[in-house]
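Chemist: Here you go, sequence then predicted model.
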Amino acid sequence: MTLSSDRRIVIGEFILVLAVGLGVSALVALVPLEDILGLITLFLGFTIVWIIGLRHPNVRTILLLALAIRALFALVHYYIVPLPDSQADALTFERFAAQWAQGGFGNALSHFQTGAYLYSWVLSVLYSLFGRSPLMAQGLNVLFGTLIVWNVYRISASIWGERLGKRAALCTALFPTLVLYSAITMREVAVVYTFTLGALYLIRYLKTEHLRDTALSFLFFAISMAFHTGMIVGIAVEIFVIFVKWLQGFLVPKKRMLVKRGIVLLTVLIVTCVILTSGWGLEKIGGLRKTTSVVNWLAKEQASRAHGRAAYLKGMLPSSYFDLVWQTPIRVVYFLYAPFPWMVRTAEDILGLLIAALNFLATILFLRSLSVIWRNPLSRRLAYIIIGLVIVFALTTSNYGTSVRHTSKIMPLVLATVRIPKVRI
């Protein structure tokens, strides 16, 4: 007697489900739960990126490449050898997350705070729900590190078109520090992902003036600022853009547009006042609110960071506003290009030298594109943000180990803004 085709399909499905069940059971028996959580997170990340790729096939290969590289580095770090900059702060973030999660979901929620440990809080909430898994935390960074590539593509394509957008995305996918910080438990991915989303919606607002785009841009800039105070530059530039738009409304004989832009400006200013008075994301400048001199505050910040083998400009501290004027260009140079060849002593310094060389190349691209960038109102606004971030971080950094982390926060926006030329081999 032969089986019908329907019965054969049912039996085949049963055997497949049974095989998958036995495979999962064997996996659970052989692999620790925390590893399983991490592998599931990586698979979910792949699924999300694959879905994006199905809807946007022109950038699918680049996104899958970005995900694969980041996942590979995450697995190498977890199972084989620790990656650079993955011990001190990275271990501290993960350890705090585990401690806060021990009391359950409610206890994890009670530890909410802005600043560096907002990243730990996010992980603690996940740990309280699913269990502690450093690989799961790395998997989340792998996913959102890949989505940064997606954001860069959308920003660049919105300004320069799809061809240059794909080049920007590919450079972002392969940039060493962006790969590194997408594979370890550091907060850079959380800072940059939300910041690039803010920049994307700012570009959309400039093109459409939809209120929704304004609100989303401000929201994501505020979230990024909650992870790191320095990203307040995004909010400052957005306020400037909205203010300029409002002034331009006087030149257009449409009262409705003037009123609409005025309402947007007033709303943004009110929300900004709430942020400033509540202290949202302002941990880094807490000392500034308690001192009467910005110069003294900057001098203390620079001195507190000028320690260790990677410190630079230890003796150059400002004592007046005139000092800030002539010292800022010097600090910018060290911030972007240290360690210099004569400062190289260890293997880690060689890696820093490579990053400095890439920063120098990015600077050349930025300067070569500057006239085109300045003529385009979309890219010009992003250039304001880039210049502002460089100055803010340069003035508060005196260690090239820290500089590497900070430049990785700026680089995606640089790659989205410049016109990357085609490389002919």
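Modeler: Happy to help now that I have it. Numbering: from 1, shown residues only.
Chemist: got the contact list for the closest residue to residue 158 other than its chain neighbours?
Modeler: Nearest residue to residue 158, sequence neighbours excluded (Cβ to Cβ, 6 or more residues apart in numbering): residue 203, at 5.1 Å. For glycine as for every other residue, the C-beta is placed from the backbone atoms N, C-alpha and C. Residues in contact with residue 203 (Cβ atoms under 8 Å, 6 or more residues apart in numbering) are 155, 158-159, 378, 381-382.
Chemist: Which is the succeeding secondary structure element to the host helix or strand of residue 203?
Modeler: Per DSSP states H and E: residue 203 is located in helix 188-208. Next helix or strand after helix 188-208 toward the C-terminus (DSSP H and E): helix 211-227.
Chemist: Could you give me the buried positions within that following helix?
Modeler: The neighbour-count check on helix 211-227 (16 or more other Cβ atoms under 10 Å) flags 213-218, 220-227 as buried.
Chemist: neighbours of residue 121, just the number please.
Modeler: By other Cβ atoms under 10 Å, the residues close to residue 121 number 21.
Chemist: how close does the closest residue to residue 414 other than its chain neighbours sit to residue 181?
Modeler: Leaving aside its sequence neighbours, residue 414 sits nearest to residue 362 (Cβ to Cβ, 6+ apart; 5.3 Å). Relative to residue 181, residue 362 is positioned 17 Å away (Cβ to Cβ, to the nearest Å).
Chemist: Comparing the two, which residue is more hemmed in?
Modeler: Set side by side, residue 362 and residue 181 show more neighbours around residue 181, with 27 against 20, by other Cβ under 10 Å.
Chemist: confidence score at the more buried one?
Modeler: Note for residue 181: predicted pLDDT of 97.
Chemist: Dump stretch 376-392 to CSV, keeping only the CA atoms.
Modeler: The C-alpha trace of stretch 376-392 is given here as CSV (Å, rounded to 0.1, in the frame of the first residue of the first chain):
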residue,chain,number,x,y,z
ASN,A,376,24.8,71.2,-0.1
PRO,A,377,22.5,72.3,2.7
LEU,A,378,22.1,68.7,3.9
SER,A,379,25.8,67.8,4.1
ARG,A,380,26.7,71.3,5.5
ARG,A,381,24.5,70.6,8.6
LEU,A,382,26.2,67.3,9.2
ALA,A,383,29.6,69.0,8.8
TYR,A,384,28.6,71.4,11.6
ILE,A,385,28.0,68.4,13.8
ILE,A,386,31.3,66.7,12.9
ILE,A,387,33.3,69.8,13.6
GLY,A,388,31.5,70.4,16.9
LEU,A,389,32.1,66.8,18.0
VAL,A,390,35.8,66.9,17.1
ILE,A,391,36.3,70.1,19.1
VAL,A,392,34.3,69.0,22.1
